[in-house]
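Undergrad: fold the stuff below for me.
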Amino acid sequence: MRSITKTFIGIFLIPVVLSSCQETYEAPKSATQAMAGRWYVELFADPTQTGVPDHNELIFAYEDFGQYGLVTTNTAANDADSVIITDQFAPSSSLRWPYKIVSAVDLANLKFTNTTGPNIHTAYAGSGETVTVHEGEILKGAGHAKSGRAADSIRVVVEFSDDPGNHYIYSGHRDSGQPEDQYH
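TA: Numbers count the residues shown, from 1 in each chain. Modelled structure (predicted):
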């Protein structure tokens, strides 16, 4: 009887001992996680090129986008010095939207730095059109979601090669994921 008890104890202890030696899996993290997100934005013309949104120059409000307007993600190489900015909206205007560009960033200061690159959005890839990100930033907790709760804010100033000399400002806040903060 003792040998049967010892056998059962051994059978049950072996998995416990082996599982306690396994390392806990930790998913890899994006190098630009602090700058990644979905953003509800408004779009402004910037005729004076100040980089400051002027509500008299509003082109599209949050509701006009119908969903989050910008998405910022890490690159495939997961570099800490660049992100992909994707415009999710294609209004019927003379401007060439949607766009997607790999933009240089200053991750320590959460800033987008001056970058000109091809529009790599599938609708325009290979067209020769470029997008310039003149500047921008993310401010932690400085914005407000539709519900009034604090959210990170974003501001990005861009220019399109098919509309040279005209700057546009995307300004808004991070998507909280909550239904009461959505604009559609």
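Undergrad: quickly find the element holding the residue positioned nearest the centre of the chain.
TA: Nearest to the geometric centre of the chain sits T72, at 2.1 Å (Cα atoms, centre = their mean). Using DSSP states H and E, T72 maps to strand 70-74.
Undergrad: who are the packing partners of that strand?
TA: Packing partners of strand 70-74 (3 or more Cβ pairs under 8 Å, 6 or more residues apart in numbering; DSSP states H and E): strand 37-45, strand 82-87, strand 150-160. For every residue, glycine as well, the C-beta is placed using N, CA and C.
Undergrad: again, only this time at 6 Å
TA: strand 37-45, strand 82-87 (3 or more Cβ pairs under 6 Å, 6 or more residues apart in numbering; DSSP states H and E).
Undergrad: run through the chain and note the low-pLDDT ranges.
TA: 1-22, 90-97 (pLDDT under 70).
Undergrad: format the helices and strands packed on strand 70-74 as a markdown table; extra columns: mean neighbour count and distance to V131.
TA: Listed next are the helices and strands packed on strand 70-74 as a markdown table, based on neighbours: other Cβ atoms under 10 Å; distance: least, Cβ to Cβ, whole Å:
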| stretch | mean neighbour count | distance to V131 |
| --- | --- | --- |
| strand 37-45 | 21 | 14 |
| strand 82-87 | 22 | 8 |
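Undergrad: before we move on, the earlier item: next up, the contacts around the residue nearest to the centre of the chain.
TA: Listed by Cβ atoms under 6 Å, 6 or more residues apart in numbering, the contact set of T72 reads 35-37, 83, 85.
Undergrad: run through the bridge partners of it.
TA: Residues in a beta bridge with T72, per DSSP bridges, are G37, I85.
Undergrad: S103 too?
TA: Per DSSP bridges, the residues bridged to S103 are V83.
Undergrad: longest strand in this protein, please.
TA: strand 130-144 (DSSP state E).
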